[in-house]
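In: mind looking at a prediction? Sequence and model below.
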Amino acid sequence: MHRQLAFATIPPMRTHRPGLTGKTQEILQKIRRIEVSTRRLVNNVFAGEYQSTFRGQGMEFDEVREYQPGDEIRAIDWNVTARMGQPFVKTFVEERELVMMLLVDVSRSTDFGTQQQTKAETLAEVAAVLAFAAIKNNDKVGLINFTDQVETFISPRKGRKHVLRLIHQILHAEPTAQATDIGLALEYLNRVQKRRSVVFLISDFRDRNYGEWLRIVNQRHDLIAIMVIDPGELSIPDVGLIELEDSENGETVLLDTSNPLTREAYIAWCQREIAQHRETLRSNKIDQIEIQTDRSYVASLRHFFQGRQ
């Protein structure tokens, strides 16, 4: 699958490394460009906002010590107390280390693009920003690439090399399926990730009937949805009689785009689809971020971070 990123402000890299194919060189260049641009954003734009938005997810055990006046009775460790012959209490500290899980849609519909970047490229860049923000705060990041199957699972870890591996897996995804099943991806996450995590679901949401799994996952994890939209999807030009093919299921439809009623009906259908996804997320109490490929995603992410503080 060929995906090309455009970052005009990033200096060009070497175009040749011995032993690498042209495609591999291109992928490495894309990863490097994403790293440079997104780390700059994390350091200069989102500095501090991530940390103040996502605090510890609870309390973790620290130590057992002798009871002191003012300690709560419910904190007494009765086993240690019985063994030592005097009261001891358990102490806890705020759990600071977080786990972030990125659920990234790599279905066929994300290859669509009418701007400088496709939806897939925008998904990858947004995921990179979030991942670099996490490791800057010494948090772990994991990845699930999905279509209507789970294509890739990488368990949460720390470090720059790990994040670069995640970006490579998103950019260089070669999915075995084309359609989208958000519910399946959420169900898989709930099975493999027992510890409470911050979960970013990044997709164009070309799916239905995933609301129940939103509710289930959000009970255990902090789930945030990022919807990526290409403006070219929201209208249709007057180009006469055309055949449109659904990129995920292969179904085709013949449209007379010279008819203004046809174009109006298409726009109305698009608006209903987006409104339905928004309502599904809202009714299940899921925070949502909308990103359009013809606009900078920085403002949308900052608005989210600031609204969470």
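Out: Looks like it arrived, so ask away. Remember, predicted model here, so these are calculated numbers, not experimental data.
In: now could you export just the CA positions of stretch 70-77 as PDB?
Out: Output of stretch 70-77 as PDB, limited to C-alpha atoms (Å, rounded to 0.1, in the frame of the first residue of the first chain):
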ATOM      1  CA  GLY A  70      -5.300   9.900  62.600                       C
ATOM      2  CA  ASP A  71      -4.800   6.900  60.200                       C
ATOM      3  CA  GLU A  72      -8.100   5.500  58.900                       C
ATOM      4  CA  ILE A  73      -9.200   2.300  60.500                       C
ATOM      5  CA  ARG A  74     -10.000   0.800  57.100                       C
ATOM      6  CA  ALA A  75      -6.300   1.200  56.100                       C
ATOM      7  CA  ILE A  76      -5.300  -1.300  58.800                       C
ATOM      8  CA  ASP A  77      -3.600  -4.400  57.400                       C
END
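In: next, count neighbours for residue 287.
Out: 15 (other CB atoms under 10 Å). The way it works is simple: take the backbone N, C-alpha and C, and place the C-beta from them, glycine included.
In: got the contact list for the nearest residue to it once chain neighbours are set aside?
Out: Of all residues not flanking residue 287 in the chain, residue 224 sits nearest, at 4.8 Å (CB to CB, 6 or more residues apart in numbering). Neighbour list for residue 224: 198-201, 286-289, 304 [criterion: CB atoms under 8 Å, 6 or more residues apart in numbering].
In: which ones among these lie within strands?
Out: 198-201, 287-289 (DSSP state E).
In: so for the strand or helix carrying the residue nearest to residue 287, what gets flagged as buried?
Out: Element membership for residue 224 (DSSP states H and E) is strand 222-229. Buried residues in strand 222-229, defined by neighbour count with 16 or more other CB atoms under 10 Å: 222-229.
In: quick one on the thing from earlier: quick one: buried ones out of the contacts of residue 224?
Out: Listed as buried from these are 198-201, 286, 288-289, 304; burial here means 16+ other CB under 10 Å.
In: out of those, who's nearest residue 69?
Out: Residue 69 lies nearest to residue 198 out of these, by CB to CB, at 38.5 Å.
In: and the residue nearest to residue 294 when sequence neighbours are not counted, helix, strand or coil?
Out: Once flanking residues are discounted, residue 294 sits nearest to residue 115: 4.7 Å by CB to CB, 6+ apart. Classification of residue 115 using DSSP: H, G, I helix; E, B strand; the rest coil returns coil.
In: number of nearby residues for residue 115?
Out: Residue 115 is flanked by 16 other residues according to other CB under 10 Å.
In: so it makes contact with residue 228?
Out: No - the criterion here is CB atoms under 8 Å, and residue 115 misses it with residue 228 at 11.3 Å.
In: give me the low-pLDDT residue ranges for the stretch 201-309 of the chain?
Out: Along the stretch 201-309 of the chain, the parts satisfying pLDDT under 70 run over 309.
In: identify the bridge partners of the nearest residue to residue 282 once chain neighbours are set aside.
Out: Sequence neighbours aside, residue 288 is the residue nearest to residue 282 in space, at 7.5 Å (criterion: CB to CB, 6+ apart). Partner residues in beta bridges with residue 288, using DSSP bridges, are residue 225.
In: what residues are up against residue 288?
Out: Residue 288 neighbours (CB under 8 Å, 6+ apart): 224-227, 278, 281-282.
In: next, format those as CSV and append distance to residue 300.
Out: Listed next are those as CSV, based on distance: CB to CB, whole Å:
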residue, distance to residue 300
224, 12
225, 12
226, 8
227, 10
278, 14
281, 15
282, 17
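In: now do the phi/psi pair for the residue nearest to residue 294.
Out: phi -110, psi -160 (degrees, to the nearest 10).
In: likewise residue 292?
Out: phi -100, psi 140.
In: so how far is residue 288 from the residue nearest to it when sequence neighbours are not counted?
Out: Of all residues not flanking residue 292 in the chain, residue 229 sits nearest, at 5.1 Å (CB to CB, 6+ apart). From residue 229 across to residue 288, the span is 12 Å (CB to CB, to the nearest Å).
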